[in-house]
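> Below is the sequence, then the predicted model.
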Amino acid sequence: MAAGIDPSITATALLEQEVRVRAAGTGIQPADLQGCWQLEQVWPKGKHQASQFSGVLLRGLAAQLEIQMQDGALQLRNSVRLGGVELFFEGPGALKGRRPLLQFQFLRMGLRVAGRQWWGRELPAPAPQRMPFFALIQRDPSGWLAARGRGGGLAQWRLARQDGPS
C-alpha cells in the first residue's frame, strides 16, 4: 500500500456511510471543503477494490482538487502535474441539497509550464442536466474527503493544505 493511504478507508465503509448520509445528510458546509485535496484512492463504479493502477497513476501525476471561497462562491481547480508541466481546469461550484452535491462546471482549462501560463482556453458551460458533481459522503476531521462522482465511481482525497478557514 502506498505511503499516506489509510487502509481503514474501504469501499465497504464508504458504502455504509453513503447509505447513512442519503437519509440524514452530511452537514458539510463550504468552509469544510476549502483547501488543496490530493487524490489518494479511486474505486470504479460497482467495485469494492480500489483501482491500484488508477490510484498510482493519479498520485504520480499529483492529481489534486483545490477548493476556495471567492466573493462568497466556491471556486474549483482540478489539476494534474508531471514535472514542471501542469494541466488544469477551473470554474465555479456550489453545494446543493442536504447530502450535499458539490456541483461544478469547468469554464477554463490551461497548461502551465515551469509555473507560467503557456496556453489556455474557455470551455462551454455544460447543459444543466449534464452538470458534473460529487455526491459528498464524508469529510473526516482527520483530513480526508470521500465522494461519489457523476459516473458512479468513488474517490477519496487527503487534505494537503488549508487555504481558508476550517
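Perfect, thanks for sending it. Numbers count the residues shown, from 1 in each chain.
> so what's residue 119 bridging to?
residue 111 (DSSP bridges).
> Number the chain from 682, please
Got it, the first residue is 682 from now on, which makes the last one we talked about residue 800.
> Am I right that it is in contact with residue 789?
No: if you go by Cβ atoms under 8 Å, residue 800 and residue 789 don't touch, sitting 11.3 Å apart. From N, CA and C alone the C-beta is placed, and that goes for glycine too.
> Checking residue 756 next. Helix, strand or coil?
strand (DSSP: H, G, I helix; E, B strand; the rest coil).
> That one pairs with what?
residue 749, residue 773.
> For the lowest-mean-pLDDT helix or strand in the chain, name the packing helices and strands.
When the helices and strands of the chain are compared on mean pLDDT, DSSP states H and E, helix 733-741 comes out lowest with a mean of 88. Counting contacts by 3 or more Cβ pairs under 8 Å, 6 or more residues apart in numbering; DSSP states H and E, helix 733-741 is packed against strand 716-724.
> what does the strand it packs on rub up against?
Here strand 716-724 makes contact (Cβ atoms under 8 Å, 6 or more residues apart in numbering) with 685-686, 690, 692, 695, 730-732, 735-736, 739-740, 743-748, 825-826, 834-845.
> just to revisit the earlier point, neighbour-wise, which of residue 800 and residue 789 wins?
residue 789 (13 against 10; other Cβ atoms under 10 Å).
> Understood, closing this out.
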